[in-house]
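S.K.: how would this look folded up:
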Amino acid sequence: MGISIWQLLIVLGIVILLFGTKKLRNIGSDLGGAIRGFKKSMNDEEEKNAEQQPLEKQNAEQQAQAEDKPKEKQG
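M.R.: Sure, this is the predicted structure:
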């Protein structure tokens, strides 16, 4: 009892009649632009995280080295 191909074609025909091909093309291009923007922001976020991890690692190493050095007595 699924949807047959003929039912999908009828629905598609009705949608084209209601909205027209020009409006559907605009909707498609807007949707494509939104997806591209989303992918770009995801890639930018991944690159940002990749840049921050080495910096955090360097800071942790510097702190470990600073703790290993003996403290001089003041007096």
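S.K.: what ranges do the helices span in this protein?
M.R.: Taking DSSP state H as the test, the helices found in the chain are 5-68.
S.K.: Could you list the low-pLDDT ranges of it?
M.R.: Applying pLDDT under 70 to the chain flags residues 1, 55-56, 67-75.
S.K.: Tell me how many other residues surround Ser29.
M.R.: 10 (other C-beta atoms under 10 Å). The way it works is simple: take the backbone N, C-alpha and C, and place the C-beta from them, glycine included.
S.K.: what separates the residue nearest the centre of the chain from Gly32, distance-wise?
M.R.: In the chain, the centroid-proximal residue (C-alpha atoms, centre = their mean) is Met42; its distance is 2.3 Å. To Gly32, Met42 is 16 Å away according to C-beta to C-beta, to the nearest Å.
S.K.: Repeat that for Glu45.
M.R.: Glu45 is 21 Å from Gly32, by C-beta to C-beta.
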